[in-house]
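Engineer: could you work out the structure for the sequence below:
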Amino acid sequence: MEQYAIKGGNPLVGEVEIGGAKNAALGILAATVMTDDVCVIENLPDVRDTNVMLQAITSIGGSVESIDRHTYRISGKNIVDQTIDEDYIKKIRASYYFLGALLGKYKNARVSLPGGCNIGSRPIDQHIKGFKALGADVTIGGGVIVVEAERLHGAHIYMDVVSVGATINVMMAAAMAEGQTTIENAAKEPHVVDVANFLNTMGANIKGAGTDVIRIKGVPRLHGSEYTIIPDQIEAGTFMFAAAITRGDITVKNVIPKHLEAISAKLQEIGCEIDESDDAVRVVATKQLSHTHVKTLPYPGFPTDMQPQIAVTLGLSKGTSIVTESIFENRFKYVDELARMGASIKVEGNTAIIDGVGKYTGASIVAPDLRAGAALVIAALAADGFTTVEDIKYIQRGYEDFHLKLQSLGGMIDIVDSDKDIQKFKLKIG
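Structural biologist: Prediction:
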């Protein structure tokens, strides 16, 4: 079983290129099936989740052609089946985006209930509410969601909770419904805006993405498009905290600094220097970091996907910090693993109370999910001694070439799959 072998203690220094946004890519890939024309998608991250989505498109008759590692030509012209096979769905949660895409184009879809990281319940009630408002019948049975409609019509939909997934899903279906749809209390995340922008390049009429009210005038058909996916805000943020926790100096390139404002603000607050340019952010950590309080919130608040990364950093900061998780209730599963490395963290409900310690020490740990796994890796890079991280398949769901990028910054990390490999790593590193 593949795992990371890591020796900590090196400040991470240098430049790192950030890839396309995984969360935007998943919605955009689903939307490509809404036209019979060809779509060319650029800056697609080569990670497990996007590869599963590409396989799912092929499985229903769509054509997928790789132009290069990050560019694909996709057509939904020959789709013969609106059923997304259970095997694909079990692997990633965002496969539910095919519900909105296929419902919009074909007025029916069958998708198995989705999987992904186990970070708490992520109900799809807001998706269902939106589809019903547009005129679809929704049934769930045998682990499958079936949505179908004779015709879709515009509607006024108020989301009871801010949901990125429901906003994207309903927006896709509404793009091909008759009449006007208004989504209130819509999610404002950059990847919601990116999916809306992509649909608009295909001929959709969507206004207000990025605000809490999105207005959509339905169109009868969508056409092909060439589109470049935005940079990944969460990958960028992970490397920014890698600079902070290792007392390093990293410039993250190919980013949109505006998307990183909540992350940059917290890094400055705990004592990092931040230098922004048009498409890059430099994080320099030269002194002892200090404590802070942080609460995860929908965009433009501090992202839930960055909560583990800031928590592991605060674990090495002076004083007591409080981290409150308001989005997912099961997002502190990494705390036990971090405690094995010497962290002092107490979890009470949705709050972690973190007493900063002088150092982490290497240990054998397990990645519980995607973002927590990445956070444990950067903790290991700051720790004394050797660490092994198991279940790196979670990390590979959302980070392309993670270990190679960390190596390029001076991180002592490699992928190993046996005790013999671990010994070789230790001998090589010394």
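
Engineer: alpha carbons only: can I get the helix or strand where Ile395 lies in CSV?
Structural biologist: For Ile395, the host element (DSSP states H and E) is helix 393-396. Extracted C-alpha coordinates of helix 393-396, given in CSV (Å, rounded to 0.1, in the frame of the first residue of the first chain):
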residue,chain,number,x,y,z
LYS,A,393,-5.2,7.8,-1.8
TYR,A,394,-7.3,10.4,-0.1
ILE,A,395,-4.7,13.1,-0.7
GLN,A,396,-4.3,12.0,-4.3
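
Engineer: contacting residues around the helix or strand just after that helix?
Structural biologist: As assigned by DSSP H and E, the chain's next helix or strand after helix 393-396 is helix 402-408. Applying C-beta atoms under 8 Å, 6 or more residues apart in numbering, the contact partners of helix 402-408 are 4, 12, 14, 16-17, 239, 242, 374, 377, 381, 395-396, 411, 413-415. (Each C-beta comes from the backbone N, C-alpha and C, glycine too.)

Engineer: check stretch 158-166 too.
Structural biologist: With C-beta under 8 Å, 6+ apart as the test, stretch 158-166 has contacts from 23, 93-94, 96-97, 122, 124-127, 129-130, 167, 183-189, 191-192, 212, 298.

Engineer: and the gap between Asp417 and Met1?
Structural biologist: Per C-beta to C-beta, to the nearest Å, Asp417 is found 6 Å from Met1.

Engineer: over to Lys318?
Structural biologist: Lys318 is 38 Å from Met1, where distance means C-beta to C-beta.

Engineer: more neighbours, those two?
Structural biologist: More neighbours surround Lys318 than the other of Lys318 and Met1, with 15 against 9 (other C-beta atoms under 10 Å).

Engineer: pretty sure that one contacts Ile270?
Structural biologist: No: applying C-beta atoms under 8 Å, one finds Lys318 not in contact with Ile270, separated by 9.2 Å.

Engineer: what is in contact with these two at once?
Structural biologist: With C-beta under 8 Å, 6+ apart as the test, Lys318 and Ile270 both reach 289-291.

Engineer: which of those count as buried?
Structural biologist: For those, a burial check counting by 16 or more other C-beta atoms under 10 Å picks out 289, 291.

Engineer: and the contacts of the helix or strand hosting Thr58?
Structural biologist: Element membership for Thr58 (DSSP H and E) is helix 48-59. Applying C-beta under 8 Å, 6+ apart, the contact partners of helix 48-59 are 22, 25-26, 29-30, 32-33, 44, 64, 72, 74, 76, 81, 84-85, 88-89, 91-92, 94-95, 98, 393, 396-398.

Engineer: now the buried members of these.
Structural biologist: Buried members of the contacts of helix 48-59, counted by 16+ other C-beta under 10 Å: 22, 25-26, 29-30, 32-33, 44, 64, 72, 74, 76, 84-85, 88-89, 91-92, 94-95, 98, 396-398.

Engineer: mark which of the residues you listed are part of helices, please.
Structural biologist: Of the buried ones among the contacts of helix 48-59, the ones assigned to helices by DSSP state H are 22, 25-26, 29-30, 88-89, 91, 98, 396.

Engineer: got CSV for those, with distance to Arg221 and pLDDT too?
Structural biologist: Shown next, in CSV, are those (distance: C-beta to C-beta, whole Å; pLDDT from 0 to 100):
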residue, distance to Arg221, pLDDT
Lys22, 29, 97
Ala25, 24, 98
Leu26, 23, 97
Leu29, 19, 98
Ala30, 17, 97
Tyr88, 26, 68
Ile89, 27, 68
Lys91, 31, 70
Phe98, 19, 95
Gln396, 37, 96
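
Engineer: ok, now which ones touch the nearest residue to Phe241 once chain neighbours are set aside?
Structural biologist: Nearest residue to Phe241, sequence neighbours excluded (C-beta to C-beta, 6 or more residues apart in numbering): Gln309, at 4.2 Å. For Gln309, the contacting residues are 237-238, 241, 371, 374-375, 378, by C-beta under 8 Å, 6+ apart.

Engineer: of the residues you listed, just say which sits nearest to Gly358.
Structural biologist: Proximity of the contacts of Gln309 to Gly358 (C-beta to C-beta) peaks at Ile378, which lies at 17.5 Å.
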